[in-house]
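K.L.:
3D, please:
(2 chains)
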Amino acid sequence: MSESSNLADIARRNFLTRAGAVTGAAAIAPGVFLSVTASARPADEAVTARKRWGILVDTNKCASGCNDCVTACEEENGWGHSEPESNPEQKAHWIRTVDIRNKSTGFAKTLPIMCQHCETPPCVDVCPTGASFRRADGIVLVDKHICIGCRYCMMACPYKARSFVHEDLHDQKPWAPRGKGTVESCTMCVQRVDKDRIPACVEACSADNHNALIFGDLYDENSEISKALKAQDSVEIRGDLGLNTGIRYRGI
Amino acid sequence: MKLSLNYREIEGKSTGFWILLGGLALIIALAGGATLFMEHEGHHVTGMSNQIVWGMPHVFAIFLIVAASGALNVASIGTVFGKPLYKPLGRLSGLLAIALLLGGLVVLVLDLGRPDRLIVAMTYYNFKSIFAWNIILYNGFLAVTIVYLWLMMERRMNKYYKPAGFVAFVWRLILTTGTGSIFGFLVARQSYDAAIMAPMFVIMSFSYGLAVFILVLMAAYNWTNRPLGDVILYRLKNLLGVFIAAVLYFVLVFNLTNLYATEHHGIERFILLDGGIYTKLFWIVQIGIGSLLPLAMIYHPTVGKSRPAIATAAALVIVGAFAQLYVILIGGQAYPLVLFPGYEVSSAFFDGQITSYSPSIWEIALGVGGIALALLIVTVAVRVLRFLPETLEDAAIDPHAAGSGK
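P.N.:
Model (predicted):
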């Protein structure tokens, strides 16, 4: 049989299967489908620009000395204990807690800083190969296959959110590839988000009942994060740059 | 009467020639070894970090790339601005431009985290990135300059070299604008993010490139016992003086503008007052030894006529150039990003802290290797092709000057 008729056969079979599925689904839909509110995006479906993922950090709930979001990120994504040769300045930091204190008033706060997932990310602008990119749903990532390790994105990032891997790595997490000579940063736990789970930092913060981090779809006005943002003021770090970050802060 | 100009290969049989060649090759071999070590181990063996992400290799690479563009100036003055005095120097000028650029690019590429992915850099382009533009500008500059040189050197094609010289001149201005914009476009950093970076780099290229050109010219003619007249040398050194002053002017305007804006007082204070090594490098090496001293030497009525003094002045300009690039690159990164104006900031990732940088021997070796590569290319090229006129004595290039005894 020729290749084209083979393909036609497959297409026909697929059509019949899908048609059957739709008919069947229609039959049982009233009983089953109405109760389903959301489902994980199938792996072969493109990311949609109808969503924009974001995190609201309520620094009023951020306990001084608490580092749980950082620890959870390290465990989930496999950084923090994997670079024995690198000195402290060289070790990767995907997320860090920062202590700030107003020089005039003495007002002090602790807050986590990670990739701010800008709408117009300077790292994406400057990347010569396009390895730094922004997904349609707002998550800013590095394509480790075409990153040449020039570090221009690190020069451009206003938040020092990116790290360069200074040595060979072993025992990486399969869902969070890292590699010597390439740049990396917070992925907003894309591997979890794509399976309808929340980022590890947000989960850890809730587990401790601090609830300083709210994750969700900024475009869905019924999402918890959208409601919270609408109810009370929040700011972007370095809002003067006009980057429209996906991470917003309250209480600073 | 004006003598006709004969270009001839250098003899290249002396012991000195082979020592020079061998010495440069040895430096390149050592640099190659250092690079292999860095690539094998990863950047943890360097002084670079997640705080100082660009280090010594970038200082060398940017010096070479900026100087390359400036070295072509001499040819441009002859071709584009039609100054006959500079025409005999056009070939060497083009050659130096190519050699310096190749040296700089090699250093830049070998410092990449993944130099093995060079092909990716050549095949994937993000056209919003000034880096991607620079890849095209650098490769194009090499191509344009090679064509320009060929048209200059091939007698039958001579009639076409003027347009090529014009293209090369415009191309090099765009190229250095691109190099300066690498910093000018960095919106987030206190020490960069300024449109003046681009023209400042152009004027820096004039100064650096001419200093290198003068040194190479003097060495080539001295070591091959070819005559080099005062007319051409004095003209070149006076031009260098103008360029040094022009760089100073740009540095002054850049810092004055920053000093006017309160938000930049932190970085200005750091560079100009209490930045330790960076403050010393700025005032003592860049401004003092690298600008004011050579200016004084060049324009001094007696010292300015001494050849060792002219060579020393050119060398000092290069020393000052390295200091300037070190302060811009490393100093600019050592000063912390300002995320919360008016706040004291601290974290496990060195937020709010001045970070220190001590370059490793490997990085320095790589950078010096780039310079050696550029010089090796020049040395071999003048040995096998006709780049250098047999004589540059006053009578050969400017009969009026010879007649008046100037």
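
K.L.:
Could you tell me how far the residue in chain A positioned nearest to chain B is located from residue B:115?
P.N.:
Closest approach of chain A to chain B (Cβ to the nearest Cβ) occurs at residue A:149, with a separation of 1.8 Å. Backbone N, C-alpha and C define where each C-beta goes, glycine included. Distance of residue A:149 to residue B:115, computed by Cβ to Cβ, to the nearest Å: 8 Å.

K.L.:
Any residue of stretch B:46-59 touching chain A?
P.N.:
Yes: using Cβ under 8 Å from any Cβ of the partner chain, stretch B:46-59 reaches chain A at B:48-54.

K.L.:
how many neighbours does residue 73 have?
P.N.:
Answering for chain A, as no chain was given. Using other Cβ atoms under 10 Å in any protein chain shown, residue A:73 has 26 neighbouring residues.

K.L.:
Hmm, no, I was thinking of chain B.
P.N.:
Number of residues near residue B:73 (other Cβ under 10 Å) recorded here: 23.

K.L.:
how far away is it from chain A?
P.N.:
27 Å (Cβ to the nearest Cβ, to the nearest Å).

K.L.:
quick one: what helix or strand has residue A:225 in it?
P.N.:
Take DSSP states H and E as the rule and residue A:225 turns out to sit in helix A:224-231.

K.L.:
pull the CA atoms of that helix into CSV?
P.N.:
The C-alpha coordinates for helix A:224-231 follow below in CSV (Å, rounded to 0.1, in the frame of the first residue of the first chain):
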residue,chain,number,x,y,z
GLU,A,224,-8.1,34.0,43.6
ILE,A,225,-5.1,36.1,42.5
SER,A,226,-7.1,38.4,40.3
LYS,A,227,-9.6,39.0,43.1
ALA,A,228,-6.9,39.7,45.6
LEU,A,229,-5.1,42.1,43.2
LYS,A,230,-8.4,43.9,42.5
ALA,A,231,-9.2,44.2,46.2
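
K.L.:
That one - contacts with which helices or strands?
P.N.:
strand A:53-58, strand A:213-217 (3 or more Cβ pairs under 8 Å, 6 or more residues apart in numbering or on different chains; DSSP states H and E).

K.L.:
so what's residue B:7 up against?
P.N.:
Residues in contact with residue B:7 (Cβ atoms under 8 Å, 6 or more residues apart in numbering or on different chains) are B:91, B:153, B:386-390.

K.L.:
interface residues of the stretch 251-400 of chain B facing chain A?
P.N.:
Counting by Cβ under 8 Å from any Cβ, the stretch 251-400 of chain B sits next to chain A at B:333, B:337, B:339-340, B:342-351, B:355.

K.L.:
Now the closest residue to chain A within the stretch 151-300 of chain B: phi and psi?
P.N.:
Nearest residue of the stretch 151-300 of chain B to chain A, counting by Cβ to the nearest Cβ: residue B:188, 3.3 Å away. Dihedral pair for residue B:188: phi -90, psi -20, per degrees, to the nearest 10.

K.L.:
Near it, how many other residues are there?
P.N.:
Residue B:188 - counted by other Cβ under 10 Å - has 20 other residues nearby.

K.L.:
I figured it was touching residue A:123, is that so?
P.N.:
No: using Cβ atoms under 8 Å, residue B:188 makes no contact with residue A:123, being 9.9 Å away.

K.L.:
any residues in contact with both of the two?
P.N.:
Joint contacts of residue B:188 and residue A:123 (Cβ under 8 Å, 6+ apart) are A:156-157.

K.L.:
can I see the domain layout of chain A?
P.N.:
For chain A, the structural domains run A:3-35, A:53-250, going by automatic domain parsing.

K.L.:
Run through the strands of the chain in chain order.
P.N.:
Defaulting to chain A. Using DSSP state E, the strands of chain A run over A:53-58, A:95-102, A:108-114, A:132-134, A:140-142, A:163-164, A:183-184, A:213-217, A:247-250.

K.L.:
oops, chain B please
P.N.:
B:7-8, B:343-347, B:388-389.

K.L.:
Deepest-packed of these, please.
P.N.:
Mean neighbour count, computed with mean count of other Cβ atoms under 10 Å in any protein chain shown, is highest for strand B:388-389 among the strands of chain B, reaching a mean of 24.

K.L.:
Now do that strand: which elements does it pack against?
P.N.:
Against strand B:388-389 (3+ Cβ pairs under 8 Å, 6+ apart) you get strand B:7-8.

K.L.:
tell me the mean pLDDT over the strand it packs on?
P.N.:
For strand B:7-8, mean pLDDT rounds to 93.

K.L.:
That strand pairs with which strands, and in what direction?
P.N.:
In the sheet, strand B:7-8 lines up against strand B:388-389 (antiparallel) (DSSP bridges).

K.L.:
Not counting its own residues, what contacts the strand it pairs with?
P.N.:
B:5-8, B:10, B:88, B:91-92, B:220-221, B:224, B:226, B:382, B:396.

K.L.:
ditto for stretch B:166-178
P.N.:
By Cβ under 8 Å, 6+ apart, stretch B:166-178 touches B:66, B:69-70, B:72-73, B:75-76, B:79-80, B:94, B:97, B:130, B:133-134, B:137-138, B:140-141, B:144-145, B:148, B:198-199, B:201-202, B:205.

K.L.:
and these, which are buried?
P.N.:
Those of those that meet the buried threshold are B:66, B:69-70, B:72-73, B:75-76, B:79-80, B:94, B:97, B:130, B:133-134, B:137-138, B:141, B:144-145, B:148, B:198-199, B:201-202, B:205, by 16 or more other Cβ atoms under 10 Å in any protein chain shown.

K.L.:
Narrow the residues you listed to those in helices?
P.N.:
The helices, defined by DSSP state H, take in B:66, B:69-70, B:73, B:75-76, B:79, B:94, B:97, B:130, B:133-134, B:137-138, B:141, B:144-145, B:148, B:198-199, B:201-202, B:205 from the buried ones among the contacts of stretch B:166-178.

K.L.:
Centroid-nearest residue for chain A?
P.N.:
residue A:188 (1.7 Å; Cα atoms, centre = their mean).

K.L.:
tell me the contacts of that residue?
P.N.:
So residue A:188 contacts A:53, A:55, A:115, A:117, A:139, A:199, A:246 (Cβ under 8 Å, 6+ apart).

K.L.:
got the phi/psi numbers for it?
P.N.:
phi 50, psi 30.

K.L.:
Please name the nearest non-neighbouring residue to it.
P.N.:
Closest residue to residue A:188 apart from its sequence neighbours, by Cβ to Cβ, 6 or more residues apart in numbering or on different chains: residue A:139 at 4.8 Å.

K.L.:
so who does the one you found touch?
P.N.:
A:53, A:117, A:187-188, A:190, A:193, A:246.

K.L.:
Quick check: closest non-adjacent residue to the residue most central in space within chain B.
P.N.:
By Cα atoms, centre = their mean, the mean C-alpha position of chain B lies nearest to residue B:67, the distance being 2.1 Å. Computed as Cβ to Cβ, 6+ apart, the closest residue to residue B:67 that is not its neighbour in sequence is residue B:208, at 4.1 Å.

K.L.:
All good on my end, thank you.
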